[in-house]
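Participant: Just a sequence and a predicted model for now, questions to come.
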Amino acid sequence: MTTIHLIRHGQTNWNLEKRIQGQTESELTELGRQQARDVALALKDVNFDKAYSSSSVRAHDTAKHILEHHDLELSLDDQLREIFLGPWEGNLYDEMKVTHPEEHQHFWEDPSKFNLSGAESFYDTQTRAIDALEAIIEKEKGKTILIVSHGVWIKLLLAKIEERHLQDLWLPPK
């Protein structure tokens, strides 16, 4: 049996500011680093065979904290990166609510309808997440794997596994 531990990166400065990150880099806050250390303690007795992380700084910094209790090399993978939100990245969510009201509404209320020029769709991100997970499982059959990624990436993966429609993406997992 292959066991996957999916972990979202810790809090970032842009999370605090309610700024759209997407694939743009932002740093972990002190709380984000503490969250990563807390996860590290919770998982210190798990015998991981392999560790993967999104290549974004916030994710691989989180993964490095988790791996302080493990003697493992971290593999960075661009396919584990967050949804690409192009022209929105770096802006405040509240600003996008005013300047792009329809897209903002779709983003939060029915991601299946989200269509922003220059950005990745939720469907495309979900396909990328599934492909990445399947490739890791194929390569690491029967192992215990750590994957550190991002909120939307993980939610999209779980939605597929739970057979949920994208309009229900923001609901808690079943």
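Facilitator: Perfect, I can see it now. Residues are numbered from 1 along each chain as shown.

Participant: who touches stretch 85-104?
Facilitator: Contacts with stretch 85-104, where a contact means CB atoms under 8 Å, 6 or more residues apart in numbering, come from 17-24, 114-120. Every C-beta, even on glycine, is put in place using the N, C-alpha and C of the backbone.

Participant: List the buried residues for that stretch?
Facilitator: If you call a residue buried by 16 or more other CB atoms under 10 Å, then stretch 85-104 has these buried ones: L85, W88, E89, M96, H100, E103, H104.

Participant: can you check stretch 21-38 too?
Facilitator: Neighbour counts using 16+ other CB under 10 Å place Q21, G22, Q23, T24, S26, L28, T29, G32, R33, Q35, A36, R37 of stretch 21-38 among the buried residues.

Participant: quick one, helices of this structure?
Facilitator: Assigned by DSSP state H, the chain shows helices spanning 13-17, 30-42, 57-66, 93-99, 101-109, 122-139, 151-161.

Participant: which of the ones you listed sits most buried?
Facilitator: Across the helices of the chain, averaging neighbours per residue (mean count of other CB atoms under 10 Å) puts helix 57-66 on top, at a mean of 23.

Participant: Can I get it in CSV, CA atoms only?
Facilitator: Only the C-alpha atoms of helix 57-66 are listed here, as CSV (Å, rounded to 0.1, in the frame of the first residue of the first chain):
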residue,chain,number,x,y,z
VAL,A,57,9.7,28.9,-1.6
ARG,A,58,6.8,28.7,1.0
ALA,A,59,6.2,25.0,0.3
HIS,A,60,9.8,23.8,0.3
ASP,A,61,10.6,25.9,3.4
THR,A,62,7.7,24.1,5.1
ALA,A,63,9.0,20.8,3.8
LYS,A,64,12.5,21.5,5.1
HIS,A,65,11.2,22.0,8.6
ILE,A,66,9.2,18.8,8.5
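
Participant: pLDDT on that helix, on average?
Facilitator: For helix 57-66, mean pLDDT is 97.

Participant: chain center to it: distance?
Facilitator: Centroid separation for helix 57-66 versus its chain: 12 Å, with CA atoms, centre = their mean, to the nearest Å.
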